[in-house]
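Trainee: how would this look folded up:
(chains A, B, C, D and E)
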Amino acid sequence: MVIGRVVGSVVATQKNESFVGSKMLLVQPLDLDGNDYGQEILAIDTQDAGPGDIVLVVSEGNSARQAMGKSDAPVDSVIIGVVDTIRVSRHGEGR
Amino acid sequence: MVIGRVVGSVVATQKNESFVGSKMLLVQPLDLDGNDYGQEILAIDTQDAGPGDIVLVVSEGNSARQAMGKSDAPVDSVIIGVVDTIRVSRHGEGR
Amino acid sequence: MVIGRVVGSVVATQKNESFVGSKMLLVQPLDLDGNDYGQEILAIDTQDAGPGDIVLVVSEGNSARQAMGKSDAPVDSVIIGVVDTIRVSRHGEGR
Amino acid sequence: MVIGRVVGSVVATQKNESFVGSKMLLVQPLDLDGNDYGQEILAIDTQDAGPGDIVLVVSEGNSARQAMGKSDAPVDSVIIGVVDTIRVSRHGEGR
Amino acid sequence: MVIGRVVGSVVATQKNESFVGSKMLLVQPLDLDGNDYGQEILAIDTQDAGPGDIVLVVSEGNSARQAMGKSDAPVDSVIIGVVDTIRVSRHGEGR
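Mentor: Residues are numbered from 1 along each chain as shown, chains lettered A, B, ... in the order given. Okay, the predicted model is just below:
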């Protein structure tokens, strides 16, 4: 799973029928310091997330289908939570 | 899922029989600013996409088989939509 | 599988119901010299690990579901062990 | 799927029994300009490919097992076609 | 699949029960020139490999479970062969 910020959305009229009614959000992965890294992920939203939200994204096909509740959807990434708090305890000093 | 632009196609006479009649397109991944990143992906087209189209690509085996409607195809990437609009709202300013 | 150090945790009230009661830990991958590499992984803990522990993380959906004991969880990374010792024998000199 | 050139082969006497009788080829991924990128992939050949051939490689477990016709082989990469032509139409100018 | 050299091992007393009795080896990926690349992979050994051996590693969950003979193990990487010979024929000159 990765943590990221919702930075946009995508509209596609012509698409696989499994996606009808699903919201597709763009998520920018973030590191522990809150900095961007890597490329945006396009994920199906199952948590009513919106722009600016910090979310949890799972990138695995069966996970995505189960979270969407559609066993035959061709999908590989899904938002499965909205983050409240990230607690960092680097180099073991926090235990 | 990734967003990309169709930049070419591949012809292969000698291939697994599951691919007979399928169109194989080369897709260049794009970031939110519309710039290229990473390597081209070779994906099976299920949306009648063509050169220049901005498309959605899912890279996962079961997804690809379901979108193709062939449960035993050895395939890992498929075009599942054509993008109309990408709406960007960076750093949360859009909410 | 990767080896990493637990460097934090994440709290998410709004999430997929499969995650209720599960601890989500942030793990920094480590190389053989004990140096950090790559981005942190967010993994479900099944080994009662804590900050500073050196752990084994499996990143695969079916593995994660089996280790959690939840066959329908949308999850792709899980902590499946706590490391006691790493024995290095580089360039074959150790055999 | 990736496009690559066959650049070698591997012989392993001691191996999982599913691989007995299978040819293991090394494939160097190529970009659209025909330049090498990334690391070689070791893939099972199902298309009677040889050194210098430009091939299609699928990297996904179920795909590889189906193309090999062995439902219990521990394999993740397989050659599923030999390329005749790559047609490039960059930046949409080709439509 | 990747080719690599066994460079170490890991001991973990506290772990998922599927791993009891399994040897966990660290494998450094190698390119065709025998140079290291990327990070070490932690893989379950099914071939009685040891330090310095050049091995074949499959990184896919179902493959790993089948090679281990444990259908419910949370595992994603496994050693499935020991390499005798790597034959390189670059740029097609070998055919």
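
Trainee: Name the SS class of residue A:67, please.
Mentor: The three-state assignment at residue A:67 reads helix, by DSSP: H, G, I helix; E, B strand; the rest coil.

Trainee: from what I can see it touches residue C:19, true?
Mentor: No. Using C-beta atoms under 8 Å, residue A:67 is not in contact with residue C:19, being 10.6 Å away. No exception for glycine: its C-beta is placed from N, CA and C like everyone else's.

Trainee: Tell me which residues touch residue A:36, please.
Mentor: Neighbouring residues of residue A:36 by C-beta atoms under 8 Å, 6 or more residues apart in numbering or on different chains: A:28-30.

Trainee: Would you mark the buried spots in stretch A:6-13?
Mentor: Within stretch A:6-13, the residues that count as buried by 16 or more other C-beta atoms under 10 Å in any protein chain shown are A:6-10, A:12.

Trainee: now the helices for chain A?
Mentor: For chain A, applying DSSP state H gives helices covering A:61-68.

Trainee: Write out the residues of it neighbouring chain C.
Mentor: Selection of chain A residues close to chain C by C-beta under 8 Å from any C-beta of the partner chain yields A:1-3, A:29, A:31-32, A:37-38, A:46-47, A:56, A:58-64, A:66-67, A:78, A:80-95.

Trainee: that older thread, with pLDDT added, can I get the buried residues of stretch A:6-13 in TSV?
Mentor: Converted to TSV, these look like this (pLDDT from 0 to 100):
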residue	pLDDT
A:6	97
A:7	97
A:8	96
A:9	96
A:10	96
A:12	95
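
Trainee: Please identify which of the residues you listed is nearest to chain D.
Mentor: When the buried residues of stretch A:6-13 are compared for distance to chain D (C-beta to the nearest C-beta), residue A:12 wins out at 17.7 Å.

Trainee: what sits against the residue nearest to the closest one when sequence neighbours are not counted?
Mentor: Excluding the flanking residues, the one nearest residue A:12 by C-beta to C-beta, 6 or more residues apart in numbering or on different chains is residue B:81, at 4.0 Å. Listed by C-beta under 8 Å, 6+ apart, the contact set of residue B:81 reads A:12, A:14-16, A:19, B:47, B:55-56.

Trainee: got it, and residue A:80?
Mentor: A:1, A:46-47, A:56-58, A:63, A:67, C:15-16, C:19, C:74.

Trainee: Can you tell me the strand partners of the lengthiest strand in chain A and which way each runs?
Mentor: Of all the segments assigned as strand in chain A under DSSP state E, the longest by residue count is strand A:2-11. Its sheet considered, strand A:2-11 pairs with strand A:24-29 (antiparallel), strand A:54-58 (antiparallel), strand B:85-88 (antiparallel) by DSSP bridges.

Trainee: Show me what counts as buried in the second one.
Mentor: I take that to be strand A:54-58. Those would be A:54-58, for strand A:54-58 by 16+ other C-beta under 10 Å.

Trainee: now it against helix C:61-68, angle please.
Mentor: On the basis of axes from the mean of the first three to the mean of the last three C-alpha atoms, to 10 degrees, strand A:54-58 is oriented at 110 degrees to helix C:61-68.

Trainee: could I have strand A:54-58 exported to CSV, CA atoms only?
Mentor: C-alpha atoms of strand A:54-58 as CSV (Å, rounded to 0.1, in the frame of the first residue of the first chain):
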residue,chain,number,x,y,z
ILE,A,54,-4.5,11.9,2.1
VAL,A,55,-5.5,8.4,1.2
LEU,A,56,-4.4,4.7,1.2
VAL,A,57,-4.1,3.1,-2.2
VAL,A,58,-3.8,-0.7,-2.7
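
Trainee: Could you list the residues in contact with stretch A:8-26?
Mentor: So stretch A:8-26 is contacted by A:6-7, A:40-45, A:49, A:51, A:55, A:68, A:70, A:72-75, A:79, B:1, B:3, B:32, B:46-47, B:56, B:67, B:80-90, B:94 (C-beta under 8 Å, 6+ apart).

Trainee: Between its first and last residues, what's the separation in stretch A:75-85?
Mentor: Terminal residues of stretch A:75-85 are spaced 28 Å apart (C-alpha to C-alpha, to the nearest Å).

Trainee: can you put the strands paired with strand A:2-11 in a markdown table and add distance to residue E:23 and mean pLDDT?
Mentor: Shown next, in a markdown table, are these (distance: least, C-beta to C-beta, whole Å; pLDDT from 0 to 100):
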| stretch | distance to residue E:23 | mean pLDDT |
| --- | --- | --- |
| strand A:24-29 | 34 | 97 |
| strand A:54-58 | 30 | 97 |
| strand B:85-88 | 49 | 94 |
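
Trainee: Redo the ones you listed as a markdown table? Include distance to residue C:23.
Mentor: Below are the strands paired with strand A:2-11 laid out as a markdown table (distance: least, C-beta to C-beta, whole Å):
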| stretch | distance to residue C:23 |
| --- | --- |
| strand A:24-29 | 21 |
| strand A:54-58 | 14 |
| strand B:85-88 | 34 |
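
Trainee: What's the separation between residue A:37 and residue D:54?
Mentor: 34 Å (C-beta to C-beta, to the nearest Å).
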